[in-house]
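Participant: Following is a predicted model, sequence given first.
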Amino acid sequence: MDICVTGASSGLGRALCVRLIRTGHRVWGVARREEELQSLARELGDRFRACALDVTDAAALRRLRERMEREGGVPGFFVLCAGVQRDDMSDGGFDAAAAEENVRVNLQGVMGCIQEFLPVFLERRSGTFVCIGSTAALRPSRRSAGYAASKAALHMLLRSLRLRYAGRGVRFATVIAGPLATPMWEGRRSWLVPAPEAAARRVERFLSSRRTVLYYPFASTLLLRLTRGIPDAFFSAAASAFLQ
Ligand SMILES: NC(=O)c1ccc[n+]([C@@H]2O[C@H](COP(=O)([O-])OP(=O)(O)OC[C@H]3O[C@@H](n4cnc5c(N)ncnc54)[C@H](OP(=O)(O)O)[C@@H]3O)[C@@H](O)[C@H]2O)c1
């Protein structure tokens, strides 16, 4: 399969590129840091194509589509992993610029990719977008209001796209991810926080399923869903004791 992975320079996106190349796929890896992508390209060989760009830059996404069309065609699968988590709350107040950056990358970056590549999928009557959501959409964050808001909005974005384009051959899927041991995760590493390589294996299987929502990892996301009736302040204190 031909698959485009955004956020390819680090964490889950990087582990997914490695996994997909090792299992025989061709991958376009997208992120901003050119050196990280080039070092991944050297490791993965010529089935991996690196593309350094910012997912919030519509003109760069347009150039990416044109390059894909020249070099074998637009892939049938996009895994939209690129994300940031900037702290935007402190004892001193709320930092709207930091919050906005979370929204720009995590939500508008996904919207930009879908705007650019959906017409190709609709014309083909086939294609898959898998977006990496978060359990931060289900419970508020003490660090980053913008991050939680961006992920909550992402889930509703995908539900709306699914509703509007049902029956047109395009799959809009979401991975609702709990904590993963990547550079983004600042908490404690424990059995509840799997390595990105384990997450990549699960996302790879999900790519070719027909399901639209995957909760991963099973244990932390199940705990979260079972405890939805518990007040936020109590839940947050208990989660910090386990995970921070
Ligand atoms: N780690 C967790 O606990 C956790 C939990 C739930 C959900 N998630 C989600 O999982 C996804 C992957 O995160 P991760 O944990 O693997 O984090 P990570 O290691 O920090 O990786 C984030 C990736 O996004 C890329 N990126 C950031 N801004 C970008 C932009 N404007 N344009 C293009 N690429 C950009 C980064 O590359 P460059 O800096 O090179 O651009 C990097 O490759 C994110 O959507 C995150 O919200 C993570």
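Facilitator: Looks like it came in fine. Since the model is a prediction, treat every value here as computed from it, not as a measurement.

Participant: So for the helix ranked longest in the chain, what gets flagged as buried?
Facilitator: Among all segments of the chain classified by DSSP state H, the helix with the greatest residue count is helix 145-164. Within helix 145-164, the residues scored as buried using 16 or more other C-beta atoms under 10 Å are 145-155, 157-158, 161-162. C-betas here are computed from N, CA, C, even on glycine.

Participant: quick one: the very next helix or strand once past that helix near the ligand?
Facilitator: Using DSSP states H and E, the next helix or strand after helix 145-164 towards the C-terminus is strand 170-177. Yes - judged by C-beta under 6 Å from any ligand atom, strand 170-177 comes into contact with the ligand at residue 177.

Participant: so how many other residues sit close to the closest residue to the ligand within the chain?
Facilitator: Residue nearest to the ligand within the chain (C-beta to the nearest ligand atom): residue 11, separated by 2.0 Å. By other C-beta atoms under 10 Å, 21 other residues sit near residue 11.

Participant: quick one, what contacts it?
Facilitator: 81, 180, 182, 183, 184, 196 (C-beta atoms under 8 Å, 6 or more residues apart in numbering).

Participant: and the residues you listed, which are buried?
Facilitator: Buried positions within those, assessed by neighbour count (16+ other C-beta under 10 Å), are 81, 180, 182, 184, 196.

Participant: export these to JSON lines and tack on distance to residue 134, secondary structure and pLDDT?
Facilitator: Output for the buried ones among the contacts of residue 11, formatted as JSON lines (distance: C-beta to C-beta, whole Å; DSSP: H, G, I helix; E, B strand; the rest coil; pLDDT from 0 to 100):
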{"residue": "81", "distance to residue 134": "11", "secondary structure": "coil", "pLDDT": "98"}
{"residue": "180", "distance to residue 134": "10", "secondary structure": "coil", "pLDDT": "97"}
{"residue": "182", "distance to residue 134": "12", "secondary structure": "coil", "pLDDT": "96"}
{"residue": "184", "distance to residue 134": "10", "secondary structure": "coil", "pLDDT": "94"}
{"residue": "196", "distance to residue 134": "14", "secondary structure": "helix", "pLDDT": "97"}
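
Participant: so residue 116 touches residue 61, yeah?
Facilitator: Yes - between residue 116 and residue 61 a contact is recorded at 4.4 Å, counting by C-beta atoms under 8 Å.

Participant: All good on my end, thank you.
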